[in-house]
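**Student:** Return atomic coordinates for the entry below.
(2 chains)
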Amino acid sequence: MNTKTALSPKLYFSYSQFMVYDQSVRLPGCAWTAEHTAQGFARRESTVNFNTSLEFGYADVAVARSAYQGKEEYERVIAVPFLVTSGKVIVEGPEETKSERSFSLPAGNYCLVAAQRVTGDEKEVIDLFIEPLSKPLDRSTVLVADGALNPPTLLLETAGIAGES
Amino acid sequence: MTTTTQSRWLWRVVLWIWLAAIGFLTLPTFGYDGQVQSQTGTKVAYDDGSLTTAEYGGVAVSSAQEHANDLAGTRTSFAVFTNFLAAEGLPQLEISASKYPDLAENILNAQQTGNPSLPTAGGDIAANRAAALEGVPNIPGLSRDEYPFASSMEGGQGAWVGHIPVSQQNAQGALIKNFINANNITPGMQYKVVIVP
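**Tutor:** Down below sits the predicted model:
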């Protein structure tokens, strides 16, 4: 299925990030370090915190249950391994308090790709591509890096839970 | 006979008042184990050289050791005392000064200049952020950080704004998300923001 499904309502991202996580994850926030910020994401097995190009604003979010399909207009594209266990995936900004923006997905391993572009002052488009895999993806990849990213050769594949020592 | 009875009651009342006064003077020390020594302007000095908890609404207090040596020194302002009582039992968002020094300093500075350490969830986030950041320039490599949080009812125009590294701003966003989820924070709920070592 290659069609994209728009998620509503619009996502309010802030603190230069948004989160994609399995509903079973109670604390989706990752303990960001300078290295995570340089690569544009911090992740654990079933949660990913993606940096946004803008500090804050609203984003139109759409999901395609398919492999990533590149477009020239994407300014930042990152692929990560992602494990779904609950059957439901949530997409949220850090300050949002209701989990209304979600989509269903069978339990299993996936390659999750977040493709972003800035469309205006405090506006972004975020397209998520999620492709089922028979086994976990080996490594994350920064497919397209904008000027704000400076990813290391070997990306950090782990992060602590924010607020836990 | 009547005079003797009146005299006894008078002394009892005096004793009660004296005991109540002593109790009031010492109560605020029950929960305090911090090390903040003094404040000058927007800076804080610490009695052991390390950054530590300051959860009394930005009002200077003496160290725990000094309390033990100087009974008069235990007396904190009534506002601090009531703030202490109000904070009891509230969910606590902790910011680590060792992990996020610039973020911690910014929040501490904001609290010391009169911004609340007990904000209330449920602010108009986008409107508050726009009002708080209006006219505050961007600095390359840094992120504008406002306090009280835009997500709080106290946020918005007049909020304290500092510039901190983007990675610490990222970390703060993740901390806030986990704090919201862990404590089921909903609009109208008050919580405590503290800086911890």
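
**Student:** how about the residues of chain A near chain B?
**Tutor:** Counting by C-beta under 8 Å from any C-beta of the partner chain, chain A comes close to chain B at A:12, A:14-17, A:19, A:26-34, A:36-37, A:42, A:49, A:51, A:55-56, A:58, A:92, A:94-95, A:97, A:161-163, A:165. Heads up, the C-betas are built off the backbone N, CA and C, glycines and all.

**Student:** got the phi/psi numbers for residue 17?
**Tutor:** Unless you meant another one, I'm taking chain A. phi -160, psi 160 (degrees, to the nearest 10).

**Student:** Chain B, not that one
**Tutor:** Dihedral angles (degrees, to the nearest 10) for B:Ile17: phi -60, psi -40.

**Student:** How much space separates it from chain A?
**Tutor:** Distance, B:Ile17 to chain A, using C-beta to the nearest C-beta, to the nearest Å: 46 Å.

**Student:** Model confidence score at that residue, please.
**Tutor:** We have a pLDDT of 76 for B:Ile17.

**Student:** what residues are up against it?
**Tutor:** Listed by C-beta atoms under 8 Å, 6 or more residues apart in numbering or on different chains, B:Ile17 has no contact partners.

**Student:** re the thing from before, now, of the residues of chain A next to chain B, which are buried?
**Tutor:** For the residues of chain A next to chain B, a neighbour count by 16 or more other C-beta atoms under 10 Å in any protein chain shown gives the buried set as A:12, A:14-17, A:19, A:27-33, A:36-37, A:42, A:49, A:51, A:55-56, A:58, A:92, A:94-95, A:97, A:161-163.

**Student:** What is the neighbour count of A:Pro151?
**Tutor:** Neighbourhood size, A:Pro151 [other C-beta atoms under 10 Å in any protein chain shown]: 17.

**Student:** hang on, it is in a helix, isn't it?
**Tutor:** No - assigned with DSSP: H, G, I helix; E, B strand; the rest coil, A:Pro151 falls outside any helix and is coil.

**Student:** can you give me the strands for chain B?
**Tutor:** Here chain B has its strands, by DSSP state E, at B:36-40, B:43-46, B:92-96, B:142-147, B:160-165, B:192-196.

**Student:** Pull up the per-residue confidence for B:Thr5.
**Tutor:** 73.

**Student:** distance of it from chain A?
**Tutor:** For B:Thr5, the distance to chain A - C-beta to the nearest C-beta - is 63 Å.

**Student:** about what we covered before: quick one: mark the members of the buried ones among the residues of chain A next to chain B that sit in helices.
**Tutor:** Here DSSP state H is the test, and those give A:36-37 as lying in helices.

**Student:** Find the nearest non-adjacent residue to A:His36, please.
**Tutor:** Sequence neighbours aside, A:Ala42 is the residue nearest to A:His36 in space, at 3.9 Å (criterion: C-beta to C-beta, 6 or more residues apart in numbering or on different chains).

**Student:** same question but for A:Val80, I mixed them up
**Tutor:** Per C-beta to C-beta, 6+ apart, closest to A:Val80 is A:Ser140, 4.3 Å.

**Student:** Quick check, the residue in chain A closest to chain B?
**Tutor:** A:Tyr15 (2.5 Å; C-beta to the nearest C-beta).

**Student:** Run through the residues of chain B sitting next to chain A.
**Tutor:** Taking C-beta under 8 Å from any C-beta as the contact definition, chain B meets chain A at B:94, B:96, B:99, B:121, B:125-126, B:129, B:143-144, B:149-151, B:165-182, B:185-187.

**Student:** Out of those, which end up buried?
**Tutor:** Buried among the residues of chain B next to chain A (16+ other C-beta under 10 Å): B:94, B:96, B:99, B:121, B:125-126, B:129, B:143-144, B:149-151, B:165-181, B:185.

**Student:** which residues in chain B form helices?
**Tutor:** B:2-26, B:64-69, B:78-87, B:101-112, B:125-133, B:166-183.
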